[in-house]
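# Make a model of this:
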Amino acid sequence: MKPLKPQEQIVKALQFVQGEIRYLGIELGVNSHQPHDPDEVFKNRFGDCKDKTLLLIAILEKLGITAHPALVSTFGAVNLPNELPSPIEFNHVITRVESDDQVYWLDPTRSLQSGALDRLGYRSYDNALVVGHPYLALVEMPKTAQQVAEIRTREYFNVIAYEAPVDYRIVTEYSGIEAEYIHSQFITQGQTTMARKFLNYMNRIYPNLQAGAPLTFEYDSEQNIATVVESYRLTDFFRTEPERLLADIYPYSIAEYFTLPTTVNRKTPLGHIYPIKVMHQSYISYPEWIKMSLFNNTESIDTPYFSLSFSEDYRDRAIITSYLYESKGAFIPVKDVPEHIAKLRKAKNSLAKVYEITYTKNQTEQTMGTFIEHLNKHIDRITGDRL
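Residues are numbered from 1 along each chain as shown. Predicted coordinates for the structure are as follows:
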């Protein structure tokens, strides 16, 4: 058997502690701050963050890999360097691991993680106090993982005929910490429950949407990528006006990042989801070639705290819209909040797009005739029969 590389050994050790040692804190007496012996934790198969971290370190030391416990605060510790030293500044322990001149910050209390070491989900706690390390000062943790978490949504509207229901298919791909989160949701809640939740969410956007083929979920544990495929039918995709059909496009996967805060006049910084990159593409495939004039080929908003870009195209009888959102920081300073909120409003108001085409009854009949002709050709190739 081929020996594992150090990075692979680290992942295997982490997975063992995450998957085989149940998280349970019995924090009484001295063990409210002192971890249990790793042998005891291994035997009992449970422990809190201190216990799981110390067990992981013990396993890695047996493998010749350097690791140390790191005290962090789950509330964030941006201002920790300015605070007076105190043990109550920390409420969590993770593991700092060194391998091949690289440093990795691992949390053995997380749900079971999969993938290569540099693809594991990661959360920065801003500053950490590494215990037992020669460097005694606070250590600033990296703001992002080596692979930034991404959500990529592609939605396909297949218009067979203008008066017929539209086939609607959505493919969403999650990577990094986002893949781990959605994977854990499917594991704990089950595919039936998750399919119902996805359907209910889309029904808020399209009230007359109906489920099509069953929802599918796949998880690539090597790459730490999760893929969800949804299939629906839409009976109200187009809005009709005299001699016009209008199609509304709304990048729902990005819109939630532009929710305005309830408190605008602030005395504290504004929290911001970070790091994250979200891509949303929409494809409207028409049954015929149409004359399409696009006026907003490219748009972009770039601020110190987020960026949003938009582009559109028409090719192969399809309108293609592409949005890309990326956050740039975990919080917005108080002095910048008013301008940030103004940019959020501008970005939110720019999301919705409307595309219109000329529509007449005769055009619909011609389109249906073209559709039946294409269908007949397809049937001819298979059976030789015609409609």
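# and the closest residue to residue 202 other than its chain neighbours, what is it in contact with?
Sequence neighbours aside, residue 209 is the residue nearest to residue 202 in space, at 5.5 Å (criterion: CB to CB, 6 or more residues apart in numbering). C-beta here means a position set from N, CA and C on the backbone, and glycine is covered the same way. Neighbouring residues of residue 209 by CB atoms under 8 Å, 6 or more residues apart in numbering: 168, 199, 202, 203, 232, 233, 234.
# Now restrict those residues to buried residues only.
Neighbour-count burial (16 or more other CB atoms under 10 Å) is assigned, among the contacts of residue 209, to 168, 202, 232, 233, 234.
# And those, which is closest to residue 219?
residue 202 (21.5 Å; CB to CB).
# Then that closest one would be within a strand, right?
No. In this structure, residue 202 is helix, not part of a strand, as judged by DSSP: H, G, I helix; E, B strand; the rest coil.
# So which of the buried ones among the contacts of residue 209 are in helices?
residue 202 (DSSP state H).
# Save the buried ones among the contacts of residue 209 as JSON lines, and put in pLDDT and distance to residue 5 too.
Output for the buried ones among the contacts of residue 209, formatted as JSON lines (pLDDT from 0 to 100; distance: CB to CB, whole Å):
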{"residue": "168", "pLDDT": "97", "distance to residue 5": "44"}
{"residue": "202", "pLDDT": "96", "distance to residue 5": "43"}
{"residue": "232", "pLDDT": "97", "distance to residue 5": "44"}
{"residue": "233", "pLDDT": "96", "distance to residue 5": "49"}
{"residue": "234", "pLDDT": "95", "distance to residue 5": "49"}
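# ok, so of the buried ones among the contacts of residue 209, who is nearest residue 108?
Nearest to residue 108 among those, with distances taken as CB to CB, is residue 202, at 36.4 Å.
# which one of the contacts of residue 209 sits closest to residue 127?
Looking across the contacts of residue 209 and measuring by CB to CB, the closest to residue 127 is residue 202, at 40.7 Å.
# and that closest one, how far is that from residue 11?
Here residue 202 is placed at a distance of 36 Å from residue 11 (CB to CB, to the nearest Å).
# and what of residue 115?
Applying CB to CB, the value for residue 115 to residue 11 is 8 Å.
# How many residues are close by residue 178?
Residue 178 has 23 neighbouring residues, counting by other CB atoms under 10 Å.
# My assumption is that it lies in a helix; please confirm.
Yes. Counting by three-state DSSP, residue 178 is located in a helix.
# what about the closest residue to it other than its chain neighbours, distance to residue 214?
Among residues not flanking residue 178 along the chain, residue 149 sits closest, at 4.5 Å (CB to CB, 6+ apart). Noted for residue 149: a distance of 27 Å to residue 214, by CB to CB.
# And the two? Which one has more around it.
Comparing residue 149 with residue 214 by other CB under 10 Å, the one with more neighbours is residue 149, at 24 against 11.
# of the contacts of residue 209, closest to residue 252?
For those, the minimum distance to residue 252 (CB to CB) is 8.4 Å, reached by residue 202.
# can you tell me how far the closest one sits from residue 232?
7 Å.
# next one: residue 194
15 Å.
# ok so, going back, reformat the contacts of residue 209 into CSV and put distance to residue 3 next to each item.
Putting the contacts of residue 209 into CSV (distance: CB to CB, whole Å) gives the following:
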residue, distance to residue 3
168, 49
199, 47
202, 48
203, 52
232, 49
233, 53
234, 54
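# picking that back up, which two in the buried ones among the contacts of residue 209 are spaced the farthest apart?
202 and 233 (11.4 Å).
# where are the low-confidence patches of the stretch 151-300 of the chain?
Applying pLDDT under 70 to the stretch 151-300 of the chain flags the ranges 293-297.
# repeat that for 50
Residues of the stretch 151-300 of the chain meeting the criterion pLDDT under 50: none.
# Now do the strands in it.
Taking DSSP state E, counting those that start in this stretch to define them, one finds strands in the stretch 151-300 of the chain at 166-175, 210-211, 216-220, 225-234, 238-241, 244-249, 270-271, 277-285, 298-302.
# among the ones you listed, which is nearest residue 17?
strand 216-220 (20.5 Å).
# Show me what counts as buried in the closest one.
217, 219.
# partner strands of that strand, parallel or antiparallel?
When pairing is defined by DSSP bridges, strand 216-220 lines up against strand 225-234 (antiparallel).
# mind saving the C-alpha coords of the strand it pairs with as CSV?
Listed next in CSV are the C-alpha coordinates belonging to strand 225-234 (Å, rounded to 0.1, in the frame of the first residue of the first chain):
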residue,chain,number,x,y,z
ILE,A,225,-17.8,20.1,-4.0
ALA,A,226,-21.6,19.6,-3.6
THR,A,227,-24.0,19.8,-6.5
VAL,A,228,-27.8,20.2,-6.3
VAL,A,229,-30.0,19.8,-9.4
GLU,A,230,-33.6,21.0,-9.3
SER,A,231,-36.2,20.5,-12.1
TYR,A,232,-39.5,22.3,-12.3
ARG,A,233,-42.2,23.5,-14.7
LEU,A,234,-43.3,27.1,-14.9
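# which residues are in contact with that strand?
By CB under 8 Å, 6+ apart, strand 225-234 touches 157, 165-175, 178-179, 182-183, 186, 198-199, 202, 206, 208-220.
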